[in-house]
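**Student:** pasting the sequence and the predicted coordinates here, then a few questions.
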There are 2 protein chains.
Amino acid sequence: MTTLYLEDLQPGRVFVSPTHTLDVEQIKTFARQFDPQPFHTDETAAKDTFFGGLAASGWHTAAITMKLLTATEPGIAGGLIGAGGEISWPQPTRPGDVLQVTSEILEVKPSRSKPDRGSVIMRSETRNQRSEVLQILTSRLIVPRRPIQVA
Amino acid sequence: MTTLYLEDLQPGRVFVSPTHTLDVEQIKTFARQFDPQPFHTDETAAKDTFFGGLAASGWHTAAITMKLLTATEPGIAGGLIGAGGEISWPQPTRPGDVLQVTSEILEVKPSRSKPDRGSVIMRSETRNQRSEVLQILTSRLIVPRRPIQVA
C-alpha cells in the first residue's frame, strides 16, 4: 500500500473515503456511553426536542468520520495524527444516513524547528446519501517528510 | 434538578465535571471501532510511532469529555447542543489517566433572529490527574431563553 509523505501532498488534492451506514442501534449505543441525552437515545423523547427526532451525537459523526478517514487510500505515512482543528455540524446526522467523507488538502507547511515533519491543513466534509453536509472538519495534521536517502 | 437558561449564564461562570478513569481496554475498544491505528490499538506497535506508546484517539478524549459535560450540574435547559467549535489536543491521553473537565463561559449572546434562544461560547479544558491539559474545546452551544410567563 502506498503511503504519502509531506512532499506528496499539494493544496487541492482530494481524497474520497468509503461509506458507512448508520442505524438507530449504533446511534443509541454510542450515545448511551458518551452522550446520553434524550435526543440521542430515545426516538419518542427526541420528538419534543430541538432535533425533532432521533439524531446522532456530533461526536459520533466525528468518530465515524475518523474511521472513514483511516480507511481512505492512499494513507499518510506514520498515520493520521491530528493536533486539532475546527468542527461544525450544519445539520443533524439521522438514522439511515450513509456517511462519506471528502477531504481536500488546503495547506502544506514544512516545520521550521523540526526538519523531519510538517503540518497539513485538511478540510473534510462528511455528507450523507443526499449530499447534505453533516460535518465540516478543518484539521491540522502532523505529517512526516520523506526520509533522506543516504548515498 | 436545576437547569439553566440563557439568562442564567454569564461570562466567567465555571463548571467542573465528575471524573472518568481511562484504561487500556477502553482505549483499544474505541480505537478498533473508530480509529484503528497501531498507536491506539497495540502497545508494542505504538512504541515505534509518533506517540512512543499507547495513546487514546483524540476523538475518544472528545467523546469522554462530552460524557463528563452531560454529567456536570447544573445542566442547561434543553440539553447540551453544540453547533461546532475548535478542538486541540496539546498532549496524548494515556492509559490510567483520570479525566476531568473544567468549563468556563466566555460569551453569551441572544439570537437576533430567534427570540427563544441564544448562543453561548464555552471553553472546556480536559485535564488528567496531574493537571496536564489533554484537550481544549471551545464550543458554540445553542441555549434556550427562559420561557416568558404569561400573566
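**Tutor:** Alright, I've got the coordinates. Just so you know, these numbers come straight off a predicted model, no measurement behind them. Residues are numbered from 1 along each chain as shown, chains lettered A, B, ... in the order given.

**Student:** got the buried residues for stretch A:36-47?
**Tutor:** For stretch A:36-47, the neighbour count (16 or more other C-beta atoms under 10 Å in any protein chain shown) marks A:36-41, A:46 as buried. C-beta coordinates here come from the backbone N, C-alpha and C atoms, glycine included.

**Student:** quick check, A:D35 in contact with B:A63.
**Tutor:** Yes. If you go by C-beta atoms under 8 Å, A:D35 and B:A63 touch, sitting 7.5 Å apart.

**Student:** any common contacting residues for those two?
**Tutor:** A:57, A:59 (C-beta atoms under 8 Å, 6 or more residues apart in numbering or on different chains).

**Student:** follow-up on the earlier one: out of the buried residues of stretch A:36-47, which sit inside strands?
**Tutor:** Per DSSP state E, strands hold no members of the buried residues of stretch A:36-47.

**Student:** for those residues, which one is nearest chain B?
**Tutor:** Nearest to chain B out of the buried residues of stretch A:36-47 is A:Q37 (C-beta to the nearest C-beta; 4.6 Å).

**Student:** give me the nearest residue to the closest one, chain neighbours excluded.
**Tutor:** Distances taken as C-beta to C-beta, 6 or more residues apart in numbering or on different chains place B:G79 nearest to A:Q37, at 4.6 Å, with adjacent residues excluded.

**Student:** what's near enough to touch the one you found?
**Tutor:** Taking C-beta under 8 Å, 6+ apart, one finds A:37-39, A:49-50 in contact with B:G79.

**Student:** now these in CSV, with distance to A:V143 and pLDDT?
**Tutor:** Shown next, in CSV, are the contacts of B:G79 (distance: C-beta to C-beta, whole Å; pLDDT from 0 to 100):
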residue, distance to A:V143, pLDDT
A:Q37, 36, 96
A:P38, 41, 95
A:F39, 37, 96
A:T49, 40, 90
A:F50, 38, 90
